[in-house]
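> the following block contains a protein sequence and its predicted model.
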Amino acid sequence: MNSDQEKQALRQAMRTRRASNPASPKAQAELIGSLASIVLSNPHMKKIGCVWPLPGEADLRPLYALLAEAGRTVLLPETTPKGQPLIFRHWRPDGTMLEGRFGTMHPDGEVDRPDTLLVPLLAFDRSGNRLGYGGGYYDRTLAGLRCRSIGFAFAWQEVAQVPFGAYDQPLDWIVTEKEILAGQAGKGGAE
């Protein structure tokens, strides 16, 4: 089985696992607390690229208000056509949201560039590698931005090894409701 086939099989398995592992309010709150801690303790993390939650994902929206109150700039992605990196727009708690692709929402604010990006995932490993949804949006975005990256997930999304390909972008941290892992990404996956 090649890397693409391994990824597709793992994606399917993780989608099935996610359907039977809904996030508890406690796990959500702990994840948000850990993310707030890492971002707010780092003065270099000023413009934070966040995400609009998809069904089954962690809902980080309460974090955005915390970051904004702390003086950080919150940016949400506008999903671009396939093959393009994401673009990020300023979010405000009272701002207008527009419907995007794939059931997402994005603000109508000005476009900006994050210095730190929160990255959703389906699976991760101890080396800091992530398995995304297969569209390549975050890999293209990270390659272009070259900013700090923080993957976020629930602990049950950890697997022994995520297949790692030539275009996959490593993460600097992975944060779960239970721990913060500093990445050595790209080291543990199959080429």
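Sure thing, it's come through.
> measure how buried residue 149 is and give me the count.
25 (other Cβ atoms under 10 Å). To be clear about C-beta, it is placed using only N, CA and C from the backbone, and glycine gets the same treatment.
> now it, which residues is it bridged with?
Beta bridges link residue 149 to residue 117, judged by DSSP bridges.
> show me what contacts it?
Residue 149 sits next to 116, 117, 119, 142, 169, 170, 171, 172, 173 when contact means Cβ atoms under 8 Å, 6 or more residues apart in numbering.
> just give the closest residue to the last one, not the sequence neighbours.
Closest residue to residue 173 apart from its sequence neighbours, by Cβ to Cβ, 6 or more residues apart in numbering: residue 150 at 4.7 Å.
> my read: the one you found touches residue 174, true?
Yes. With contacts counted by Cβ atoms under 8 Å, residue 150 reaches residue 174, the gap being 7.5 Å.
> quick one: which of the two has more around it?
The neighbour count for residue 150 versus residue 174, taken as other Cβ under 10 Å, is higher for residue 174 (27 against 22).
> mind checking the SS state of the more buried one?
Using DSSP: H, G, I helix; E, B strand; the rest coil, the structure places residue 174 in strand.
> surely it and residue 124 touch.
Yes. Between residue 174 and residue 124 there is a contact at 5.0 Å, judged by Cβ under 8 Å.
> quick check: neighbours shared by those two?
With Cβ under 8 Å, 6+ apart, residue 174 and residue 124 have common neighbours 130, 151, 153, 181.
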